[in-house]
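> Test case, fold it:
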Amino acid sequence: MQFDLVGISLADRQAQALIQVDTEAEAVRLLFITGGAGQSQEYRKTEEEARAYVAGSYPTPFDNAAYSMLHAEMLALADAGLITLSNQAQIDAAAADVADSVIAEANTWIAVAKIIKRKRRGAKLTIGAATTFAQIHAALQITWPAP
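Sure thing, here's the model as predicted:
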């Protein structure tokens, strides 16, 4: 994002830079996750169910109603021919594998999200405290994580 700095006040440049940092951070997030508030809620609910299922020591037989989003993930995998859900033993095994996979993916995302948050917040705090254009420019030289 480029801005013409001729005649711009330090406060206006700070405001522009703050927007730039948030815009860049969101673009980086979208390299790792699917965008959209509804999609985020779906992932969060599936993760919550997976964590509850694992915390409950992988209860069997798998309860489709208690873990409906986890079950939906299992059905999607079965629809794609990636798992088989023909009997209770396969369902229970798949539930454990899918729950572990969901948690592993969530943990990977959390690790990346923490890096993005730290870089975004640090840059914004530095920009907010900046007293020169050079300080703002330096704060914008962020090395974001890459997939």
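
> low-confidence ranges in the protein?
Low-confidence segments of the chain, defined by pLDDT under 70: 1-6.

> what about the helices in it?
Defined through DSSP state H, the helices belonging to the chain, from first to last, are 10-32, 37-55, 68-79, 88-129, 133-139.

> Please tell me how far Thr108 sits from Phe32.
The spacing between Thr108 and Phe32, counted by CB to CB, to the nearest Å, is 8 Å. (C-beta placed from N, C-alpha, C; glycine too.)

> go on, Tyr43?
From Tyr43 over to Phe32 the distance is 12 Å, taken as CB to CB.

> neighbour count winner among these two?
When neighbours are counted by other CB atoms under 10 Å, Tyr43 and Phe32 differ, and Tyr43 comes out ahead with 18 against 14.

> wait, what's in contact with that one?
Under the criterion of CB atoms under 8 Å, 6 or more residues apart in numbering, the neighbours of Tyr43 are Ile33, Thr34, Ala106.

> State the distance from it to Arg121.
Remark: distance between Tyr43 and Arg121 (CB to CB) = 22 Å.
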